[in-house]
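> let's see this in three dimensions:
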Amino acid sequence: MSEDLLRYDRMVERALRGVVRETLQEVADQKALPGDHHFYITFMTNEPGVQIPEHLKKQYPDEMTIVLQYQFYDLAVDEENLSVTLSFNNKLERLIVPLSSITTFADPAVSFALQFQSVVPDDMDDDDESLPTAGTPSVKTQSGSAEIVTLDAFRKKQQEK
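This next block holds a predicted model:
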């Protein structure tokens, strides 16, 4: 099998994270969620660039899910981060979340979800067994019948040829 010098897994990862970025940017621009849309965003709290209050870091040392629905303020999005103010125990707290730390983005109003898996960094060898599994986001759609296909499965099929 030929080596994937183009790294389609990374291209797909960037493209689907772009869906998250564009969605959040649209909401930030409109300063409101359209219709019944609302988002569940799960992210890794221990990733570089994540900025959350220390008490939340202690409560959620690895992963945290936030909900953008009724009470969120000052949503902002740039190429790398989303930032938002949320209320925790009646206290407003600012969170900065790198888009790369997001593991799940879901909009239950339309049964849409993206689940991101680890992707091997550019400077690491794909054959290193100690690395996280390279993969792509899985997509769930409104019908709920979408087949989840990871690039790992695709690579294995290619190797078998």
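
> ok, and the closest non-adjacent residue to residue 86?
Leaving out its chain neighbours, the residue that sits closest to residue 86 by Cβ to Cβ, 6 or more residues apart in numbering is residue 72, at 5.6 Å. Just so you know, the C-beta spots here come from the backbone N, C-alpha and C atoms, and that holds for glycine as well.

> and for that neighbour, the neighbour number?
Residues contacting residue 72 under the criterion other Cβ atoms under 10 Å number 18.

> quick one: pLDDT of it?
For residue 72, the pLDDT comes out at 89.

> that one reaches residue 84, doesn't it?
Yes - counting by Cβ atoms under 8 Å, residue 84 is a contact partner of residue 72 at 5.3 Å.

> what's the distance between the residue nearest to residue 86 and residue 4?
Here the criterion is Cβ to Cβ, to the nearest Å. By it, residue 72 lies 39 Å from residue 4.

> also residue 16?
Residue 16 is 18 Å from residue 4, where distance means Cβ to Cβ.

> over to residue 80?
With Cβ to Cβ as the criterion, residue 80 and residue 4 are 25 Å apart.

> likewise for residue 108?
In terms of Cβ to Cβ, residue 108 sits 34 Å off from residue 4.

> contacting residues around the residue nearest to residue 86?
The neighbours of residue 72, taking Cβ atoms under 8 Å, 6 or more residues apart in numbering as the test, are 84-86.

> okay, and residue 96 sits in which element?
strand 91-98 (DSSP states H and E).

> ranges for the helices of this protein?
Assigned by DSSP state H, the helices in the chain fall at 8-30, 54-59, 151-160.
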